[in-house]
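1. with the sequence up front, the predicted model follows.
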Amino acid sequence: MQTNTESVAPIVAEIGRTLGYPPEAIPTQIDEKRTAEVLGVKVSTLTNWRTTGRYALPYIKVGRLVRYRVADLAAWIAKRRTGMEAAQ
């Protein structure tokens, strides 16, 4: 069984590739637009999820700015995996 860090690290790398970052320069936080791009949803969908609490996707809010930690996003994605592959 993989530890949390082992299961999240490949997802963090995949997020970095999706956003066009080299492996050594993946940012620790990304904005709503980039988060929506990673998840394949609209920014308005992320806003809806935050305000309704539909999904427990952790975020950071400072004033009007909303940011998502890449590690939190990767962990959230890892927890949502289903099927035979996720059981390994």
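-> Done, it's in. Numbers count the residues shown, from 1 in each chain.
2. and residue 24, how many residues sit next to it?
-> Per other CB atoms under 10 Å, the neighbour tally for residue 24 reads 6. (Glycine included, C-beta is placed from N, CA and C.)
3. measure it to residue 41 for me?
-> Residue 24 is 28 Å from residue 41, where distance means CB to CB, to the nearest Å.
4. specify the local secondary structure of residue 81.
-> With DSSP: H, G, I helix; E, B strand; the rest coil as the basis, the three-state label of residue 81 is coil.
5. show the contacting residues for it.
-> Residue 81 makes no contacts at all, as judged by CB atoms under 8 Å, 6 or more residues apart in numbering.
6. mind checking the end-to-end distance for stretch 17-31?
-> Stretch 17-31 has its terminal residues 16 Å apart, counting by CA to CA, to the nearest Å.
7. what does stretch 61-75 give?
-> When the termini of stretch 61-75 are compared using CA to CA, they are 19 Å apart.
8. what's it in contact with?
-> Here stretch 61-75 makes contact (CB under 8 Å, 6+ apart) with 4, 8-9, 11-12, 15-16, 26-32, 35, 38, 46, 50, 57-60.
9. filter those down to the ones in strands?
-> Using DSSP state E, the subset of these located in strands is 29-31, 60.
10. out of these, which are buried?
-> 29-30 (16 or more other CB atoms under 10 Å).
11. from the ones in strands among the contacts of stretch 61-75, pick the one nearest residue 83.
-> Nearest to residue 83, judged by CB to CB, of the ones in strands among the contacts of stretch 61-75 is residue 30 at 26.7 Å.
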